[in-house]
Structures are given as C-alpha cells and as structure tokens.
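[1] for reference, the sequence and a predicted model appear below.
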Amino acid sequence: MPIRLERIQKDTIPTIDTLTEVTNPIKTHITGNPYTILKTITTAGSPEDVNVNAQLGRNAHKGYIKAYRTNTGIIKVKLSNDGSNFTSEWEELEKGDVLDITDLDVHTIKLDCTVDGEKAFIMVI
C-alpha cells in the first residue's frame, strides 16, 4: 500500500519568529566507551581508590558498583566528584548488592571491605 503524504500549508510551519517556547532535548546517552574493572581489595581497612576520571577522560555519570564478594565480608564505597573530597559515610554492599551511580558526578571511587580479598565489579560511563 503506498504511503500518502499530505501537503502542509506554508503558514502552519513554525518559524523562529513564531516559536514561543524553546525546549532543550534531554540527553539520553553518553558518548565513549565504558570503563569496567573487577577490583580486588587486598587488605581490609586499607581503602583503595579507582580513578574513573583518569580512565574515561572525564567524570562518570552513569554506571554501577556491584559487590562481587568471594568471602563473607562487606564492600564499603565512598564517592568523590573531584578526586580528593569523598562522601562522609560509607555505603555498605553485601554480596550481589548494587550501588547505582546514574546522574551522579563521579571522579573517583574509594573501596574498602571488612575481609581481605573481597571484590567489587565497577562499570561506569
């Protein structure tokens, strides 16, 4: 079946003079490759930093951190938007828990755990 096109009258097409409201499109994606790492925290009580800004060339705004534990400990997470000032409280993740960082501004992720050798999976873009 052929597509039927209808003619639009010239005076019904909006022009820059007739537009009364300007809307900005909502950005639905971020260009570039994601950064992923399965990070092992060697020693409990000795936090380790993951600088996602150095990997992406900018701060991350989407992604997650998942507790990928191999022991019975808890993964602890702090976030920074500048690489030096971190959130005051630790977010605690048990095995399988996910911390969503969508719409946050993340430069560096600080990881710690309660048992040596715990692992966290990080995927950010």
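    Cool, the structure landed.

[2] tally of neighbours for V77?
    24 (other CB atoms under 10 Å). (Each C-beta comes from the backbone N, C-alpha and C, glycine too.)

[3] name the nearest residue to it, sequence neighbours excluded.
    Closest residue to V77 apart from its sequence neighbours, by CB to CB, 6 or more residues apart in numbering: E91 at 4.5 Å.

[4] then W90?
    Using CB to CB, 6+ apart, the closest residue to W90 is K76 (4.1 Å).

[5] phi, psi for the residue nearest to V77 please.
    When read as degrees, to the nearest 10, the backbone of E91 gives phi -90, psi 130.

[6] gap between it and R58?
    23 Å (CB to CB, to the nearest Å).

[7] count residues in the vicinity of the residue nearest to V77, would you?
    E91 has 13 neighbouring residues, counting by other CB under 10 Å.

[8] now do it, the pLDDT please.
    Note on E91: pLDDT of 95.

[9] now the residue most central in space within the chain: how far from P34?
    With distances taken as CA atoms, centre = their mean, K62 lies nearest the centre of the chain, 2.3 Å away. Here K62 is placed at a distance of 9 Å from P34 (CB to CB).

[10] and for these two, which residues touch both?
    Residues touching both K62 and P34 (CB atoms under 8 Å, 6 or more residues apart in numbering) are V124, I125.

[11] low-confidence ranges, the chain, go.
    For the chain, the stretches with pLDDT under 70 are 1-30.

[12] now the strands for it?
    In the chain, the strands defined using DSSP state E lie at 35-41, 48-51, 63-67, 75-80, 91-93, 98-100, 108-113, 118-124.

[13] across the sheet, point out what pairs with I41.
    I41 has these beta-bridge partners by DSSP bridges: E118.

[14] my read is that it contacts T114, right?
    No - the pair I41 / T114 is not scored as a contact, 9.8 Å apart, by CB atoms under 8 Å.

[15] between those two, which is the more surrounded one?
    With neighbours defined as other CB under 10 Å, I41 and T114 compare such that I41 has more, 22 against 16.

[16] what's near enough to touch the more buried one?
    So I41 contacts P47, E48, I75, L111, D112, C113, D116, G117, E118, K119, A120 (CB under 8 Å, 6+ apart).
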